[in-house]
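[1] sequence and predicted structure below; questions after.
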Amino acid sequence: MEKQHALLTGASGQLGQTIQALWPESGLADRYQLHPASRTQLDITNADAVAATFTELNPALVINCSAYTAVDKAESDQKNAFLVNAKGPENLAISCAKSGGRLIHVSTDFVFSGVFDKPITLAQAANPAGVYGVSKRAGELAIMELLPEAGLIFRTSWLYSPFKANFVKTMLRLMSERDSLGVVADQRGAPTSTASLAQAIFKAIDKPRVHGLHHWSDAGDISWFDFAVAIQKSALAAGLLDKAIPINPIKTSDYPTPAVRPSYSVLDCSQAIVDLSLAQFDWRVQLDQVIQTLKN
Ligand SMILES: NC(=O)c1ccc[n+]([C@@H]2O[C@H](COP(=O)([O-])OP(=O)(O)OC[C@H]3O[C@@H](n4cnc5c(N)ncnc54)[C@H](OP(=O)(O)O)[C@@H]3O)[C@@H](O)[C@H]2O)c1
């Protein structure tokens, strides 16, 4: 059987690299030829370049891992945040709408501003607080309008992986450099390994009727402080760190940042669990796996 083509945009990002690494064991490789494209190979803000790629590949499937993810920088770089997070997905959706391709896109818990105290359902209206969240919401809306049946959006939270920069890798570096650390304890969310999100995406590829907004994160409801403590514990057990340092809980107000972050952003993933027939992964197990990969 001839393989269909799957275009992976933002292939050098942490999710993009994870999807490439796990693709051979995804069960999809015998049906789809994956075409990873980094930003230099395909800038999704360039409508002509997107259209030319579709002419060349005619992808049945696009997995968009591209994003402007510098949350604080976005506050003073609104133009580029919107170009990548709103115009880029719109370009992909326009080309998918023309060609009949399906678009799987990733969005964020930052489309909510954190006025919740229990997992946020799909019924809750988005109310982003910062430029990053507003730009990501604009991307969601463009896809839902242009691809009402063929667009699938996974909102996720607190992504980390062995690749690129993320909270886990930053903590490990600071824990090896410093004598103590203060970590914010009044923001709660669900850390999510990119490997877990990749599994949800792989499942979704095999369920072509699943569309629209979905939430997907690892199972957890913890603070950044709790996460840092768990990272240190896991890294000590794996031999990735050789000594424990004191980690102190601090308040958001003690660590001011240009962008306001949600104080609570645990996502209710029940719809995706049903639609994908996939159970959420335990954040602790996923963390241990990433620590082990970093150790190796
Ligand atoms: N990271 C998180 O904590 C988090 C949380 C919730 C949701 N998300 C969402 O999850 C998705 C994956 O995030 P991630 O952590 O894997 O992000 P990432 O590591 O920052 O990767 C994003 C990738 O997009 C690429 N990119 C930027 N502008 C582009 C453009 N104009 N055209 C094509 N590619 C472009 C970047 O290229 P360069 O490598 O050249 O910079 C980078 O490789 C994103 O949609 C993000 O919004 C992330």
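    Perfect, thanks for sending it.

[2] these two touch, right, Ala93 and Gly151?
    Yes. Assessed by C-beta atoms under 8 Å, Ala93 is found in contact with Gly151 at 6.3 Å. Any C-beta I mention is one placed from the backbone N, CA and C, and that applies to glycine too.

[3] residue of the stretch 1-150 of the chain nearest the ligand, please.
    With C-beta to the nearest ligand atom, the shortest gap between the stretch 1-150 of the chain and the ligand falls at Gly13, namely 2.1 Å.

[4] contacts only, for that residue.
    Residues near Gly13 by C-beta atoms under 8 Å, 6 or more residues apart in numbering: Cys65, Ser66, Ala67, Thr69, Phe163, Lys164.

[5] same check, this time on Ser223
    Applying C-beta under 8 Å, 6+ apart to Ser223 gives the contacts Val184, Ala185, Asp186, Gln187, Arg188, Pro249.

[6] ramachandran angles for the first one?
    This means Val184. phi -60, psi 130 (degrees, to the nearest 10).

[7] ok, and the closest non-adjacent residue to it?
    Spatial nearest neighbour of Val184, excluding adjacent residues (C-beta to C-beta, 6 or more residues apart in numbering): Trp224 at 4.6 Å.

[8] what is the neighbour count of that neighbour?
    Residues within reach of Trp224, counting by other C-beta atoms under 10 Å, total 23.

[9] any idea how far it lies from Ala230?
    As defined by C-beta to C-beta, to the nearest Å, Trp224 lies at a distance of 11 Å from Ala230.

[10] Validate this expectation: His35 resides in a strand.
    Yes. Counting by DSSP: H, G, I helix; E, B strand; the rest coil, His35 is part of a strand.

[11] what is the burial count for it?
    His35: 18 neighbours (other C-beta under 10 Å).

[12] excluding chain neighbours, what is closest to it?
    Nearest to His35 is Leu7, by C-beta to C-beta, 6+ apart, at 5.1 Å.

[13] for the one you found, give the beta-bridge partners.
    Counting by DSSP bridges, Leu7 is bridged to His35, Val62.

[14] so, low pLDDT: which residues of the stretch 101-250 of the chain?
    Scanning the stretch 101-250 of the chain for pLDDT under 70 picks out nothing.

[15] give me the common contacts of Ala93 and Gly151.
    Jointly contacting Ala93 and Gly151 under the rule C-beta under 8 Å, 6+ apart are Leu103, Ile143.

[16] what does the stretch 1-150 of the chain put close to the ligand?
    9-10, 12-16, 39, 43-45, 65-69, 84, 88, 106, 108-109, 136 (C-beta under 6 Å from any ligand atom).

[17] one more: the stretch 151-296 of the chain?
    Residues of the stretch 151-296 of the chain lying close to the ligand (C-beta under 6 Å from any ligand atom) are Thr156, Ser157, Trp158, Leu159, Lys164.

[18] got phi/psi on Ile250?
    phi -130, psi 170.

[19] wait, what's in contact with it?
    Gly182, Val183, Val184, Ala185, Phe225.
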